[in-house]
Each structure stands twice: as structure tokens, then as C-alpha cells.
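# Quick one: sequence and predicted model below, then my questions.
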Amino acid sequence: MSFGIGDANKRPGIFASFRSAMAPRELPPDDGLPLTAPRTVLVATAMALLGGLVFLFIGGGSLFTIDSQLDTAVAAYNDAISDCTAQFGGVGDAVVIPAGAAQDVTTQGQNCQTYTALTPEMISSAKTQSIVFAVVFVVIGLVAVVGGWFLRQGARWARLTVAGAVVLAMVLALLFQAQNILTLVATLFMIVAVMLCFIGKGQIYFARVKARRAG
């Protein structure tokens, strides 16, 4: 049995290709001309700014409308409780599902069993949580916009700043399920922006700027 014949002819996997693209490249000779950001870095700048503005818009909008949003959510929840009370006699343990009820009625009853009456403490906690998420969204937006604006200048801290915004956004999405289609698209834009600054012409541009400043 041979383990080496076929392995050498295998195509590199996606992670191998990624590591190859991210590996530092040898800089071409410096021609001494003024540095201009390549198109990839300009695209990265635009994508980072756009992603950051989306987070700013959503977070800022939530802060300004949080009371009305909470009132709407509480009203909808209380309406659902009223419906459960009218159909099944209450919520939680008080729900009585008629014997032999149709499947859809049984499902509604089981759903009503998950409801509990709202208390002022629950409403206050929900409001606090919403404020925290909105503020974090604003912070992500500000970080991405500030970092994105300086990407075109080749600032190393700028691409690390945008990368930090990506990490925050992904933590919110994965751990707290705080996302919607707009924030997911905005996060994707910022991820692409970071990648464009670490590979190809973007990588060379940042390395050249760093070398010029060090010299």
C-alpha cells in the first residue's frame, strides 16, 4: 500500500490556498514615486465604510426608537396572552388543551404554555438589553467607519481596527443571535474589506507604506 503517490498530486485545499495568499510577499524595488492606494484597497475602503454605516444606522435608529419598539412588542405579547386566555383559559400551566383537538389547535396550546405574564422587571430587562445591543452596534459602526477611512492611507492600525469590528459583529451574531439580513451583509462587506488588505496588491501596498515610514 502506498501513501505518497497520490498525495503529491492532490490540489491544495482552501485553507492551504488561504495561507499561501496571506503569506508575506517579497516587496518589489521601491521606485520612490508617491504611493497611491491600489483599486483593491479603495474597494476595501468603500466596503468597510458601507458596512460601518449600516451598523451605525441600525444601532442609532434603535436607540432613538427603542421606547416605541418596546411598546409595540409588549402590546403584541399581551395580545397573544389574551388570545391564549380566550382559547385555552390562560398561559403556562393554566393552559387546557381540549382532548382530541386538531393538530393546529394542539400546537397553539403548546405555544401558549410557553408564555408567562409580563412583569415590570421583565420589561425593564428587555429594554436594557436592547439599549446595550444598540450601543454595541453603534460602536461597531464607528470602529468600521474610522478604520475604513484610513485604509486608503495604508495605516496598519486601520485594517486591524476593521478586523476588530468584524470580530465584534460575529460575536453578536454567533453568541447572542443579534443579527438581521442587513447586519449579516454589512459584516460580510467588512470581512471582504479586511481580506483585500491582507492579500495581493493590498498586502503589498500596506507593506510598502510600512517600509517607507520605517525608513
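Alright, I've got the coordinates. All values derive from a computational prediction rather than experimental measurement.
# all contacts plus neighbour counts: C-alpha atoms, from now on.
Fine.
# Give the buried residues for stretch 63-70.
Buried residues in stretch 63-70, defined by neighbour count with 16 or more other CA atoms under 10 Å: Leu63, Ile66, Leu70.
# How about stretch 205-214?
Quick answer for stretch 205-214 (16+ other CA under 10 Å): Tyr205, Phe206, Ala207, Arg208, Val209.
# average pLDDT across the helix or strand that the third one is a member of?
By that I understand Ala207. Assigning secondary structure by DSSP states H and E places Ala207 in helix 200-214. Per-residue pLDDT over helix 200-214 has a mean of 87.
# Show me what the longest helix along the chain is packed against.
Ranked by residue count and defined by DSSP state H, the top helix of the chain is helix 39-88. The criterion is 3 or more CA pairs under 8 Å, 6 or more residues apart in numbering; DSSP states H and E, and the helices and strands that helix 39-88 contacts are helix 103-112, helix 120-149, helix 181-198, helix 200-214.
# In PDB, list the C-alpha atoms belonging to the helix holding Ala207.
Extracted C-alpha coordinates of helix 200-214, given in PDB (Å, rounded to 0.1, in the frame of the first residue of the first chain):
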ATOM      1  CA  GLY A 200      -2.400  40.600  -3.200                       C
ATOM      2  CA  LYS A 201      -1.900  44.200  -4.100                       C
ATOM      3  CA  GLY A 202      -3.400  45.300  -0.800                       C
ATOM      4  CA  GLN A 203      -0.900  43.400   1.200                       C
ATOM      5  CA  ILE A 204       2.000  44.800  -0.900                       C
ATOM      6  CA  TYR A 205       0.600  48.400  -0.500                       C
ATOM      7  CA  PHE A 206       0.400  48.200   3.300                       C
ATOM      8  CA  ALA A 207       3.900  46.600   3.400                       C
ATOM      9  CA  ARG A 208       5.300  49.400   1.200                       C
ATOM     10  CA  VAL A 209       3.700  52.100   3.400                       C
ATOM     11  CA  LYS A 210       5.200  50.500   6.500                       C
ATOM     12  CA  ALA A 211       8.600  50.200   4.900                       C
ATOM     13  CA  ARG A 212       8.500  53.900   3.800                       C
ATOM     14  CA  ARG A 213       7.600  55.000   7.300                       C
ATOM     15  CA  ALA A 214      10.200  52.900   8.900                       C
END
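# how far off helix 181-198 does it point, in degrees?
Put simply, helix 200-214 runs at 60 degrees to helix 181-198, going by axes from the mean of the first three to the mean of the last three CA atoms, to 10 degrees.
# ok now helix 200-214, how far from the chain's centre?
On the basis of CA atoms, centre = their mean, to the nearest Å, helix 200-214 sits 28 Å off its chain's mean C-alpha point.
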